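Participant: below are the sequence and a predicted model; questions follow.
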Amino acid sequence: MIENNSIGQHAQYNCRKIFLLKATVRLITYTFNLRKPNLNLQIFEIVILK
């Protein structure tokens, strides 16, 4: 029981970490697009977030 619960919490932690990473990448991409709209970072964002 304890091991299963531990594994579940670990998986949940990984999901949260991935979500935060994606959110950070999206924010950085958005900021770059604001500063230099000519840089085509939408492709970069699509590749990372899919």
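Facilitator: The structure has been received and is ready for your questions. Numbering: from 1, shown residues only.

Participant: so Arg26 is in which element?
Facilitator: helix 2-35 (DSSP states H and E).

Participant: check which residues of that helix are buried.
Facilitator: Thr29 (16 or more other Cβ atoms under 10 Å). No exception for glycine: its C-beta is placed from N, CA and C like everyone else's.

Participant: remind me which residues of this protein are low pLDDT?
Facilitator: 1-5, 36-50 (pLDDT under 70).

Participant: go with 80
Facilitator: For the chain, the stretches with pLDDT under 80 are 1-11, 32-50.

Participant: elements contacting the helix holding Arg26?
Facilitator: In terms of contacts (3 or more Cβ pairs under 8 Å, 6 or more residues apart in numbering; DSSP states H and E), helix 2-35 is packed against helix 42-49.

Participant: state the distance from Thr29 to Lys22.
Facilitator: As defined by Cβ to Cβ, to the nearest Å, Thr29 lies at a distance of 10 Å from Lys22.

Participant: Lys22 and Asn33, how far apart?
Facilitator: Lys22 is 16 Å from Asn33, by Cβ to Cβ.

Participant: hmm, I typed the wrong one, I wanted Leu20.
Facilitator: Distance from Leu20 to Asn33, by Cβ to Cβ: 20 Å.

Participant: ok, His10 next?
Facilitator: Separation of His10 from Asn33 (Cβ to Cβ): 35 Å.

Participant: over to Val25?
Facilitator: 12 Å.

Participant: same check on Ile18?
Facilitator: Per Cβ to Cβ, Ile18 is found 22 Å from Asn33.

Participant: pull the CA atoms of stretch 11-19 into PDB?
Facilitator: In PDB, the C-alpha atoms belonging to stretch 11-19 read as follows (Å, rounded to 0.1, in the frame of the first residue of the first chain):
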ATOM      1  CA  ALA A  11       3.900  10.500 -10.900                       C
ATOM      2  CA  GLN A  12       1.800  13.400  -9.800                       C
ATOM      3  CA  TYR A  13       5.000  15.400  -9.000                       C
ATOM      4  CA  ASN A  14       6.400  14.600 -12.400                       C
ATOM      5  CA  CYS A  15       3.200  15.800 -14.100                       C
ATOM      6  CA  ARG A  16       3.300  19.000 -12.100                       C
ATOM      7  CA  LYS A  17       7.000  19.500 -13.000                       C
ATOM      8  CA  ILE A  18       6.300  19.000 -16.700                       C
ATOM      9  CA  PHE A  19       3.300  21.400 -16.500                       C
END
